[in-house]
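Asker: sharing a model prediction with you, sequence too.
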Amino acid sequence: MSKRKALSLSDKLQIVTEFENGKSRGVISQQFGVPSSTLCRILKDADNIKKECAEGHGKVKRFRGSEHPDLEKCLVEWLKECRSRTRNVPVNGPILKQKAIEFSKKLGVDDFNPTNGWLDGFKKRNDIVFKNIVGESGAVDTTICNQWIIDLPTLLAGYSPDNVFNADETGLFYQCLPNKTFSFKGESCNGGKHSKVRIALLLGANMSGTEKLPPLLIGKSKNPRCLDGK
């Protein structure tokens, strides 16, 4: 048995063109060396083949359309709604996969498994990319920082690195949504309001890294003073 030739998208486009110009299926099958079943699939997928070739993918050997177009259509519309200006909800890979499973159950798609390969294909088919969400940024007085960098070595000259500690406060926003999301190419990627619910942490360690201070946590007061007697 001779090895079957892999057709490029350009070859498939030529097959579609020959058929549309009136050439019979039997003649096309002989000319390109493809069985009738393969020819039927190519002609059925004519619109997608034309689209891919128009976008410059004519040398690609295979074009893989969606196995579940209705499911993907629902998922795309849901993603558009999440990323609309009125909502601005971040969507990452695990969230997208879970939503795909929900749609598969509603549409009666059996044995659907949203693997990483499926996710990559879904993104390519629908021009979806993973972006950083544009958020708020704080301004820092660089003049003060630069002067402090100059003065600090003089202040620390008489101390051992083991005895020089640095401590800093940070916030843990445990209800904050992801700062990255899937979005469509060419669209802006603006974020909505982020949850400000947080706890404050104080972390510290010495310069040599040999000693770390126990973290201090500041939470919410159970009985705030401002509400005493209210």
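Answerer: Yes, it's here.
Asker: now the strands for this structure?
Answerer: Ranges of strands in the chain, per DSSP state E, are 128-132, 165-172, 180-184, 199-206, 216-218.
Asker: partner strands of the last one, parallel or antiparallel?
Answerer: Counting by DSSP bridges, the strands paired with strand 216-218 are strand 199-206 (antiparallel).
Asker: mean confidence for the strand it pairs with?
Answerer: Strand 199-206 carries an average pLDDT of 91.
Asker: hang on, the earlier thing: and of the strands of the chain, who's closest to residue 44?
Answerer: Of all the strands of the chain, it is strand 128-132 that lies closest to residue 44, at 25.5 Å by CB to CB. Yep, even glycine has a C-beta here, placed from its N, CA and C like the rest.
Asker: just checking, what packs against that closest one?
Answerer: Applying 3 or more CB pairs under 8 Å, 6 or more residues apart in numbering; DSSP states H and E, one finds that strand 128-132 contacts strand 180-184.
Asker: which parts of stretch 103-122 are buried?
Answerer: 103, 104, 112, 114, 118, 119, 121, 122 (16 or more other CB atoms under 10 Å).
Asker: dump the residues you listed into TSV; add distance to residue 182 and pLDDT as well.
Answerer: Formatted as TSV, the buried residues of stretch 103-122 follow (distance: CB to CB, whole Å; pLDDT from 0 to 100):
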residue	distance to residue 182	pLDDT
103	15	91
104	18	91
112	19	85
114	13	88
118	14	86
119	9	87
121	14	85
122	9	87
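Asker: got a markdown table for these, with distance to residue 167 too?
Answerer: Shown next, in a markdown table, are the buried residues of stretch 103-122 (distance: CB to CB, whole Å):
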| residue | distance to residue 167 |
| --- | --- |
| 103 | 49 |
| 104 | 50 |
| 112 | 51 |
| 114 | 45 |
| 118 | 47 |
| 119 | 42 |
| 121 | 48 |
| 122 | 46 |
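Asker: any idea of the pLDDT on the residue positioned nearest the centre of the chain?
Answerer: What sits nearest the mean C-alpha location of the chain, by CA atoms, centre = their mean, is residue 130, with 3.2 Å. Residue 130 carries a pLDDT value of 74.
Asker: correct me, but it touches residue 178?
Answerer: No. Applying CB atoms under 8 Å as the test, residue 130 and residue 178 come out as separate, 10.4 Å apart.
Asker: common neighbours of those two, please.
Answerer: residue 92 (CB atoms under 8 Å, 6 or more residues apart in numbering).
Asker: let me see the ranges of the helices in this protein.
Answerer: Assigned by DSSP state H, the chain shows helices spanning 9-20, 25-32, 36-44, 46-54, 69-82, 93-107, 116-125, 142-156.
Asker: and the third one, C-alpha only, in CSV?
Answerer: What follows is the C-alpha trace of helix 36-44 in CSV, where atoms were taken according to Å, rounded to 0.1, in the frame of the first residue of the first chain:
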residue,chain,number,x,y,z
SER,A,36,-13.9,10.0,-2.0
SER,A,37,-14.4,10.2,1.8
THR,A,38,-11.5,12.6,2.1
LEU,A,39,-12.8,14.6,-0.8
CYS,A,40,-16.2,15.0,0.8
ARG,A,41,-14.7,16.3,4.0
ILE,A,42,-12.6,18.8,2.1
LEU,A,43,-15.6,20.1,0.1
LYS,A,44,-17.7,20.2,3.3
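Asker: what lies in contact with it?
Answerer: Contacting residues not belonging to helix 36-44 are listed as 7, 12, 15, 16, 19, 25, 28, 29, 34, 49 [CB under 8 Å, 6+ apart].
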